[in-house]
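Chemist: Could you look at this predicted model? Sequence included:
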Amino acid sequence: QNDSPEFFGKNNFNPSEKDRYWLTLRTPTGMEYMTAVVYFNNGSNDFTLDDSEANGSSDDIYTLIGEEQIAIHGRAPFVKTDVVPLGVRLFDMGTYVISLYDKEGVFANGQNIYIRDKKLKTIYNLTQADYKFIEDAGEFNDRFEIIYNPNSLTSDNASENASQILIEKKDGNIVVTSTENKITQVEIFSLNGRSAFQKSEINNLQFKVPVNRLEKQIIVFVVETEAGEVITKKFVNN
């Protein structure tokens, strides 16, 4: 069990260079296991001596480099387009919780950490909320990945939660409405990935954007809710 704040990565990482974070997996019995991702100068995304392999316990959380299961994962300097495969090993069927334990560097200065659940087609903001999931016993290396830019997944209804978010044009505004959880942040992108609008700390079930603030084109809404959900939807602004 790795639940100590001392689980900070290899000694040869220079603290002034570190953009890093720690994730924990909490089991149905309350045990916690930890993994770390560390971006640093001269780091490599290949499997090297800077990486520590997972210990192979019956419950575990780890990142992956190919087939290698990694407990402390050293990577090349941070880029927002990076994708980190995340695996779990589960001893029992039940409800598990993945949480962000701590963060430093760019992650402590506004860069969100998202978990993508490919099985449920959902994206959650781990910086904002823990992610709970139910799974059978076994090893799961293809279900989860860590991303930093949810707009990179611009397929319409990228989340099965998309039905909870309604987008319509009304009285000179584009109105974003959540049918369940309060909206915390809205960002709007053009199809080429350029951010055209961003508003945070909304904390309301509805948000309006004046139509004249946006170009007439297909745009992509990335909507985050208080539950940590991230919903990506296309909208034709004509």
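Modeler: Perfect, thanks for sending it. Bear in mind the structure is a predicted one, so any value in this text is a computation, not a measurement.
Chemist: Now do the one helix or strand in the chain whose mean pLDDT sits lowest: everything it contacts.
Modeler: Of all helical and strand segments in the chain, the minimum by mean pLDDT, DSSP states H and E falls on strand 52-53, at a mean of 77. Residues from elsewhere that reach strand 52-53 (CB atoms under 8 Å, 6 or more residues apart in numbering): 10, 68-72. For glycine as for every other residue, the C-beta is placed from the backbone atoms N, C-alpha and C.
Chemist: So for those residues, which is the shakiest by pLDDT?
Modeler: On pLDDT alone, K10 ranks lowest of these, at 46.
Chemist: The least confident helix or strand of the chain: what's the following helix or strand?
Modeler: Once the chain leaves strand 52-53, the next helix or strand it forms, by DSSP states H and E, is strand 60-65.
Chemist: Tell me the helices and strands packed up against that next one.
Modeler: If contacts are counted by 3 or more CB pairs under 8 Å, 6 or more residues apart in numbering; DSSP states H and E, strand 60-65 sits against strand 19-26, strand 32-39, strand 68-75, strand 83-90.
Chemist: In TSV: those strands, plus distance to E168 and mean neighbour count.
Modeler: Converted to TSV, those look like this (distance: least, CB to CB, whole Å; neighbours: other CB atoms under 10 Å):
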stretch	distance to E168	mean neighbour count
strand 19-26	37	22
strand 32-39	39	23
strand 68-75	41	22
strand 83-90	32	19
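Chemist: In a markdown table: the ones you listed, plus distance to G193.
Modeler: Formatted as a markdown table, these follow (distance: least, CB to CB, whole Å):
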| stretch | distance to G193 |
| --- | --- |
| strand 19-26 | 22 |
| strand 32-39 | 22 |
| strand 68-75 | 22 |
| strand 83-90 | 15 |
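Chemist: Of those strands, which shows the lowest average pLDDT?
Modeler: strand 68-75 (a mean of 90).
Chemist: roughly how far out does it sit from the chain middle?
Modeler: 18 Å (CA atoms, centre = their mean, to the nearest Å).
Chemist: Stretch 191-201 now?
Modeler: 17 Å.
Chemist: what's the span of it, first residue to last?
Modeler: With CA to CA, to the nearest Å as the measure, stretch 191-201 spans 25 Å from end to end.
Chemist: hmm, what's the outermost residue in this structure?
Modeler: D171 (34.4 Å; CA atoms, centre = their mean).
Chemist: quick one: that residue from L214, how far?
Modeler: Note on D171: its distance to L214, by CB to CB, to the nearest Å, is 15 Å.
Chemist: Check G56 too.
Modeler: Taking CB to CB, one finds G56 at 51 Å from L214.
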